[in-house]
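[1] Based on what follows, work out the 3D shape:
(2 chains)
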Amino acid sequence: MSDTIQLLTRQQVAARVAADIPDGSYANLGIGAPTDVADCLPAGVTIILHTENGLLGMGPKPPAGEEDIDLMNAGKQYVTALPGASYFHHADSFAMMRGGHLDYCVLGAYQVSATGDLANWHTGAKDAIPAVGGAMDLAIGAKSVFVMMDLLTKKGVCKLVQRCSSPLTGVGCVKRVYTDHATFDITPAGVVAYDLVPGLTFEALETLCGFPLLRKS
Amino acid sequence: MNKICPSLEEALADIPDGASIMIGGFGDAGVPFQMIDALVAQGAKDLTIISNNAGTGEEGIAALIKRDRVKKIVCSFPRQANSKAFDERYLSGKLVLDLVPQGNLAERIRAAGVGIGAFFTPTAYGTLLADGKETREIDGRNYVLEYPISADYAFIKAHRGDALGNLVYRKTARNFGPVMATAAKCTIAQVSEVVAVGDLDPETVVTPGIFVKRVVEVKADGARA
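    As a prediction, this is how the structure comes out:
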């Protein structure tokens, strides 16, 4: 049966995320896969992108030769500033998140728990050099925190879990998880699974996750 | 009043061993590279460095670490693809790391600069980085008590400055500059251009001169803007 499942590509997952961010929103797209969401935002809508190093109104990467060392995103990649953009210092930038002004934040993850705990900063390996950056601030830093990730690790272990085994980035902070298999809402009643890819049954998805899921009513 | 120093050497002459120094910048944007090079030449050691990153390759803060001038670093993201100098010293225990989430780092520095004794923040609640810290539930949300971070010196990079210490920044190179400028006993600004007093529009000054003790002009040198 598994060979008939058509998993979503990263671009397709990004497109699902983009479709759920309404016109007029302020959003922060985390480092890695979430940056693909920017390329999927529909034409004609105004979604203002925040990058925590100090820019609202972030645009795409500049043409070759026009890079400016003073104009980067949080992933330290060169970007542009769109008309109407603004620059600000770090305390103001994180106030936009912590203060509840940012509407959406899209992050990658090692694990997400059934209660919305997020693990995405530290693998837990003893000799790892720790680095947190803005991960913990982003985890609590938007009205809605979305995660975008593959459902399974390369070894086939499910990353949506009852309880995270990796060190936490935030507690109960994730609202929705977009994966290559399905989309999951974290609700007080439990994890609601929907938009399953063709060929994937609800029961098979539940088996992959290893804990009971709820159907969307 | 004239805060202009003719050289980085003069601006950094009084920095003693054991000093705590904030260094602005995020990635390469806003890092006062030339001022850090001058600190390497000046020779102060046993330093505590407060910065977002710990330098990459052999540049910036990595140059200080490589020469074993740093005893402690307070930062959010020390790990880089080529942060060998940091990695070796951290893993062998020669260099103490105080890892602080980026927004908490900015806010703790801001708190020092504005005279706030401590504050409750939701960031890091329930994580390893809040271990042992006081927590409190306020209106149904959990918070962690965090204390200010101040320093003896702040090294920041700005775009233009004048003899009164007024500064304007350029794009995302602003990052930690304005908050660090407020939180150190002696803030030293490296600016790409010194302008005459009165040339900066008071409406657009980002860091008012009261927060800045010394200003040194370092012309942009291309790669380092």
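
[2] quick one, phi psi at residue A:191?
    As for residue A:191, its main-chain torsions (degrees, to the nearest 10) stand at phi -90, psi 120.

[3] Let's see the pLDDT reported for it.
    Model confidence at residue A:191, given as pLDDT, is 98.

[4] tell me the domain ranges of chain B?
    B:4-98+B:150-217, B:101-148 (automatic domain parsing).

[5] what lines up beside the longest strand anywhere in chain A in the sheet?
    Determined from DSSP state E, the single longest strand within chain A is strand A:80-87. Strand pairing for strand A:80-87, determined by DSSP bridges: strand A:55-59 (antiparallel).

[6] Quick one: mean pLDDT for the partner strand?
    The pLDDT scores in strand A:55-59 average 97.

[7] Now that strand: buried residues?
    Within strand A:55-59, the residues that qualify as buried are A:55, A:56, A:57, A:58, counting by 16 or more other CB atoms under 10 Å in any protein chain shown. For the C-beta atoms, the positions are set from N, CA and C on the backbone; glycine is no exception.

[8] before we move on, what about stretch B:95-104?
    Across stretch B:95-104, burial judged by 16+ other CB under 10 Å covers B:95, B:97, B:99, B:100, B:101, B:102, B:103, B:104.

[9] what does stretch A:33-46 give?
    A:33, A:34, A:35, A:36, A:37, A:38, A:40, A:41.

[10] Downstream of the one helix or strand the fifth one maps to, the next helix or strand is which one?
    So the one you mean is residue A:37. Taking DSSP states H and E as the definition, one finds residue A:37 inside helix A:37-40. Going down the chain from helix A:37-40, the next helix or strand is strand A:48-51, by DSSP H and E.

[11] For the residue in chain B that chain A sits nearest to, give me its contacts.
    Using CB to the nearest CB, the single residue of chain B nearest to chain A is residue B:103, 3.2 Å away. By CB atoms under 8 Å, 6 or more residues apart in numbering or on different chains, residue B:103 lies in contact with A:52, A:90, A:93, A:94, A:97, A:98, A:134, A:136, A:137, A:141, B:121, B:123.

[12] In chain B, what helix or strand scores lowest on average pLDDT?
    Least confident element among the helices and strands of chain B, by mean pLDDT, DSSP states H and E: helix B:84-91 (a mean of 91).

[13] strands paired with the helix or strand following that helix, and their directions?
    Remark: after helix B:84-91, the chain's next helix or strand is strand B:96-99, criterion DSSP H and E. Strands adjacent to strand B:96-99 in the sheet, as given by DSSP bridges, are strand B:70-75 (parallel).

[14] tell me which residues of the strand it pairs with are tucked away?
    B:70, B:71, B:73, B:74, B:75.

[15] Could you export the contacts of residue B:103 as JSON lines, including neighbour count and pLDDT?
    Putting those into JSON lines (neighbours: other CB atoms under 10 Å in any protein chain shown; pLDDT from 0 to 100) gives the following:
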{"residue": "A:52", "neighbour count": "26", "pLDDT": "96"}
{"residue": "A:90", "neighbour count": "28", "pLDDT": "98"}
{"residue": "A:93", "neighbour count": "29", "pLDDT": "98"}
{"residue": "A:94", "neighbour count": "26", "pLDDT": "98"}
{"residue": "A:97", "neighbour count": "23", "pLDDT": "96"}
{"residue": "A:98", "neighbour count": "20", "pLDDT": "95"}
{"residue": "A:134", "neighbour count": "31", "pLDDT": "95"}
{"residue": "A:136", "neighbour count": "32", "pLDDT": "97"}
{"residue": "A:137", "neighbour count": "30", "pLDDT": "97"}
{"residue": "A:141", "neighbour count": "29", "pLDDT": "91"}
{"residue": "B:121", "neighbour count": "23", "pLDDT": "98"}
{"residue": "B:123", "neighbour count": "30", "pLDDT": "98"}
